[in-house]
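Visitor: Quick check, what structure comes out for this input:
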Amino acid sequence: MPGTRPDRAGPRLVAVGSATPPTSYSQQELLEIFKVEDPRIKSLFLNGGIQRRYLTLPPELADGTRLSETQGDLLRKHATSGVSIGAEAVHKCLKEAGAELSDIGHLCCVSSTGFLTPGFSALLIKELGIPVTCSRLDVVGMGCNAGLNALTSVSGWAAANPGKLAVMVCVEVCSAAYVFDGTMRTSVVNSLFGDGAAAIALTSDGEDGSGTGADAGAATGAAVGTGTGIAAGPRLTGFASQIIPEAVDAMRYDWDQEHGRFSFFLDQDIPYVVGAHAERTVGRLLAAAGLRRSDIRHWVIHSGGKKVIDAVRINLGLTRHDTRHTTDVLRDCGNLSSGAFLFSYQRLLEESVVAPGDNGVLMTMGPGSTIETALLRW
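Guide: Sure thing, here's the model as predicted:
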């Protein structure tokens, strides 16, 4: 739905649900588990604004060390844990929407922490018993920005199929993409990412903007369920994105020949690259809708890391209160890659502070290097 005209109402976000693995660890516990002694690496873990992360660690051996996982082990973890948390997130999302699995007309699955064929969409349809006639899409390998890339496509499907339910689920098993070798390169990643899945449901009433608010939501709810989220959810009214080609190698997930597995790489300058381009991208998003930054009451930004959040906040002139949900998710879960912004969005909704007429901005950042934004209106 890129380039959506401000006078046309987009699909409505009707519900969100999230899930994590059953095991979580403090940063100090992780340092002890992997017997990290390097003070520089300890500083990465303890000074990054993260307290705990949900992870599926390799099994502990008799001598107290952890099993060294092969790439095959990691791919199996990606599939097994991913299906588990992905299914839980979908169930929670549908419960919030007052919908059933049989209501899903389109399923989009997003992941960047492993490669599967068939992908999560097929696996979740089998696992959950979603109708086999469900339209589906897998978005793989786009990184932390991928949730909004996929949401653009899913919102287009919802707009073209009024009254039908579309679900997007971001499934990231970041612990299936770790390399433990004691170097600073791998330690940056190992200190930051966590496992989690988040699902969001969308639907469209097919109106051009006149049917907004609870009445339109109730009309849509009759088609897909009776949950209160349908009447209260905001509409997606626009998208804007920007890729920064000169920083194409700054964030990568590629093959590490030395370790015989895939590995993340994050350039230390990423916060400054993202921060320097954030204002321009947000500016185009708001200009298309005739809005100013002061018209935005709610900001939902990807929990990319403490320095990334600070860079975006400073460049956009935001307060710490504006980014409270982003920093809280980072503190409690680490960087959850493509689904992180949905965890923040869920916390915003749980706060019960949104009101009819409020505007909000969703923002994610990732490889490319890329900035993705979306505009919401309650």
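Visitor: Sketch out the strands for the stretch 51-200 of the chain, chain order is fine.
Guide: Under the criterion DSSP state E, counting those that start in this stretch, the stretch 51-200 of the chain contains strands at 52-54, 104-111, 135-140, 165-172, 196-203.
Visitor: can I get those in TSV with mean pLDDT, distance to residue 69 and mean neighbour count?
Guide: The way it works is simple: take the backbone N, C-alpha and C, and place the C-beta from them, glycine included. Compiled in TSV, these are given as follows (pLDDT from 0 to 100; distance: least, Cβ to Cβ, whole Å; neighbours: other Cβ atoms under 10 Å):
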stretch	mean pLDDT	distance to residue 69	mean neighbour count
strand 52-54	98	17	22
strand 104-111	98	18	26
strand 135-140	97	21	18
strand 165-172	98	17	31
strand 196-203	98	20	31
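Visitor: Which one, of the ones you listed, ends up nearest to residue 65?
Guide: strand 52-54 (20.2 Å; Cβ to Cβ).
Visitor: Could you give the separation of that closest one from the chain centroid?
Guide: 16 Å (Cα atoms, centre = their mean, to the nearest Å).
Visitor: ditto for stretch 172-183
Guide: 19 Å.
Visitor: Can you lay out the strands of the stretch 51-200 of the chain as CSV showing distance to residue 349?
Guide: Shown next, in CSV, are those (distance: least, Cβ to Cβ, whole Å):
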stretch, distance to residue 349
strand 52-54, 21
strand 104-111, 20
strand 135-140, 24
strand 165-172, 16
strand 196-203, 11
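Visitor: where in this structure is pLDDT low?
Guide: 1-8, 206-232, 259, 261 (pLDDT under 70).
Visitor: Pick out the residue closest to the middle of it.
Guide: Centroid-nearest residue in the chain, with Cα atoms, centre = their mean: residue 339, separated by 1.7 Å.
Visitor: helix/strand/coil for that one?
Guide: For residue 339, the assignment made with DSSP: H, G, I helix; E, B strand; the rest coil gives helix.
Visitor: ok, and the closest non-adjacent residue to it?
Guide: residue 170 (3.2 Å; Cβ to Cβ, 6 or more residues apart in numbering).
Visitor: That neighbour contacts residue 151, doesn't it?
Guide: No: when contacts are counted by Cβ atoms under 8 Å, residue 170 is not listed as touching residue 151 (9.6 Å).
Visitor: Distance from the longest helix belonging to the chain to the middle of the chain?
Guide: Secondary structure of the chain per DSSP state H: the longest helix is helix 71-97. Here helix 71-97 is found 14 Å from its chain centre; the criterion is Cα atoms, centre = their mean.
Visitor: mind listing what's buried in that helix?
Guide: Along helix 71-97, these residues count as buried under the neighbour rule (16 or more other Cβ atoms under 10 Å): 74-75, 77-79, 81-90, 92-94, 96-97.
Visitor: Likewise for stretch 268-277?
Guide: Buried residues in stretch 268-277 (16+ other Cβ under 10 Å): 270-271, 273-275, 277.
Visitor: Name the residues that touch it?
Guide: 188, 242, 244, 247, 250-251, 267, 304-305, 307-308, 310-312, 314-315, 365, 369, 371 (Cβ atoms under 8 Å, 6 or more residues apart in numbering).
Visitor: burial count for residue 175?
Guide: Look at residue 175: counted by other Cβ atoms under 10 Å, it has 24 neighbours.
Visitor: OK, contacts around it?
Guide: Residues near residue 175 by Cβ under 8 Å, 6+ apart: 55-57, 77, 81, 193-195.
Visitor: Give me the buried entries from those.
Guide: 55-57, 77, 81, 193-195.
Visitor: Let me have these in a markdown table, extended by distance to residue 156.
Guide: As requested, the buried ones among the contacts of residue 175 are arranged in a markdown table below (distance: Cβ to Cβ, whole Å):
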| residue | distance to residue 156 |
| --- | --- |
| 55 | 34 |
| 56 | 34 |
| 57 | 39 |
| 77 | 33 |
| 81 | 30 |
| 193 | 30 |
| 194 | 30 |
| 195 | 29 |
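Visitor: Pick out whichever of those sits closest to residue 202.
Guide: The closest of the buried ones among the contacts of residue 175, once distances to residue 202 are taken by Cβ to Cβ, is residue 195, at 24.5 Å.
Visitor: Wait, that closest one touches residue 52, no?
Guide: No: counting by Cβ under 8 Å, residue 195 does not reach residue 52; the two are 11.9 Å apart.
Visitor: that older thread, would you tell me which of the strands of the stretch 51-200 of the chain gets closest to residue 300?
Guide: Of all the strands of the stretch 51-200 of the chain, strand 196-203 comes closest under Cβ to Cβ, at 11.6 Å.
Visitor: Just the residues contacting stretch 240-255, thanks.
Guide: 2, 112, 141, 143-144, 148-149, 177, 261-267, 269-270, 273, 277, 280-282, 284-285, 288, 366-373.
Visitor: ends of that stretch, how far apart?
Guide: Chord length of stretch 240-255, first to last residue, is 31 Å (Cα to Cα, to the nearest Å).
Visitor: Now stretch 357-370 - C-alpha only, CSV.
Guide: Presented in CSV, the C-alpha positions along stretch 357-370 are these (Å, rounded to 0.1, in the frame of the first residue of the first chain):
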residue,chain,number,x,y,z
GLY,A,357,-8.0,10.8,16.3
ASP,A,358,-4.5,9.9,17.5
ASN,A,359,-1.7,9.5,15.0
GLY,A,360,1.2,7.1,15.4
VAL,A,361,4.3,6.1,13.6
LEU,A,362,5.8,2.6,13.2
MET,A,363,9.5,2.5,12.4
THR,A,364,12.0,-0.3,11.7
MET,A,365,15.6,-0.4,10.6
GLY,A,366,17.7,-3.2,9.2
PRO,A,367,20.1,-4.5,6.5
GLY,A,368,20.3,-2.7,3.2
SER,A,369,20.8,-0.4,5.1
THR,A,370,17.0,0.3,5.3
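Visitor: Lovely, talk soon.
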